[in-house]
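Novice: Structure for the following, please:
(one chain, ligands or ions: 1)
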Amino acid sequence: MRTKLVAGNWKMNLISTQGAALVDGFLKRVEVRDDVDIVVCPPFLSIPRIRDVVRNSAVKLGAQNVFWKDDGAYTGQVSAKQLHEFCVDFCIVGHSETRGKFGVLEVPETTVPFFGETDETINLKIKNLLFYGITPILCVGETLAEREEGKTDEVIKTQLLGALAGIDGSELYQFVVAYEPVWAIGTGKVCDTAEAQRVCRFIRATIGEFADPEVAEDVRILYGGSVKPNNAKELFSQPDIDGGLIGGASLDGESFLQIISSA
Ligand code: PEP
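Specialist: Residues are numbered from 1 along each chain as shown. Predicted coordinates:
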């Protein structure tokens, strides 16, 4: 039986005092349940402060990205070793905004390699996170063009197998994958529920082929992309959707609480 998971990705929003007030506010109201895990992923600089707020609470701490080396001359990067020091439990990897898209149109093609995660670097990040006992939340998803060309499953399979290359199946029991169609992120266009379920089922089947079906049954698969209080319940009631990765709506305490109660 998989425990549902709802994770808030704050992206580059909120200064630490605002983030602390947000979490403090919903901690006072959130029902303590053992059938849903709640995670907040603040910007790096807010992590120490939010860690103090969530300590001994029902909320776990996540990060939004990581570099794959422990330490060294990697200006501006943060390692899993450093996240581990601050008791970070989860870390997003492969978000479409860090895979080098950054909104696609806003970034000229020539600058993409400087930002861009590839399946290879995502794989290195996952290995390093697992080494430090931090659970990766691996994002996969197709762009609108890829969907229109009928390449959704192919793209997702490539992203998944690239991210998991060389990882022992037994390490995937605690793993989290988020299906995030790029065209649904921050756009208000939510994926049709039946299609979101179909893709999440496909993700589970692909992990089953890669590792084994028993492991795949334990992997939590989230849906992300314009999840709001009015659509969360239907999405989360699908057999292969184990919760959500929430962007915009996680910045509003009331909306986030309502989404959590839908899980
Ligand atoms: C996200 O950034 O992971 C996301 C799902 O954003 P939103 O909920 O705003 O679409």
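Novice: Just want to check the distance between residue 34 and residue 97.
Specialist: 32 Å (C-beta to C-beta, to the nearest Å). Quick note: C-beta positions are derived from backbone N, CA and C, even for glycine.
Novice: Looking at these two now, which is surrounded by more residues?
Specialist: Using other C-beta atoms under 10 Å as the criterion, residue 34 and residue 97 rank with residue 97 on top: 22 against 7.
Novice: Confirm for me that the more buried one is in contact with residue 11.
Specialist: Yes - contact criterion C-beta atoms under 8 Å: residue 97 and residue 11 qualify, at 7.4 Å.
Novice: How many residues are close by residue 237?
Specialist: 12.
Novice: now it: how far from the ligand?
Specialist: Counting by C-beta to the nearest ligand atom, to the nearest Å, the gap from residue 237 to the ligand is 18 Å.
Novice: give me phi/psi at that residue?
Specialist: When read as degrees, to the nearest 10, the backbone of residue 237 gives phi -90, psi 0.
Novice: What separation is there between it and residue 65?
Specialist: With C-beta to C-beta as the criterion, residue 237 and residue 65 are 31 Å apart.
Novice: Next: residue 190.
Specialist: Applying C-beta to C-beta to residue 190 and residue 65 gives a distance of 24 Å.
Novice: cool, residue 85 as well?
Specialist: 16 Å.
Novice: of these two, who's got more company?
Specialist: residue 65 (19 against 12).
Novice: Next up, the contacts around the more buried one.
Specialist: 78, 91-93, 95, 98 (C-beta atoms under 8 Å, 6 or more residues apart in numbering).
Novice: Which ones among the residues you listed map onto strands?
Specialist: 91-93 (DSSP state E).
Novice: can you list those residues in TSV and add pLDDT?
Specialist: Formatted as TSV, these follow (pLDDT from 0 to 100):
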residue	pLDDT
91	98
92	98
93	97
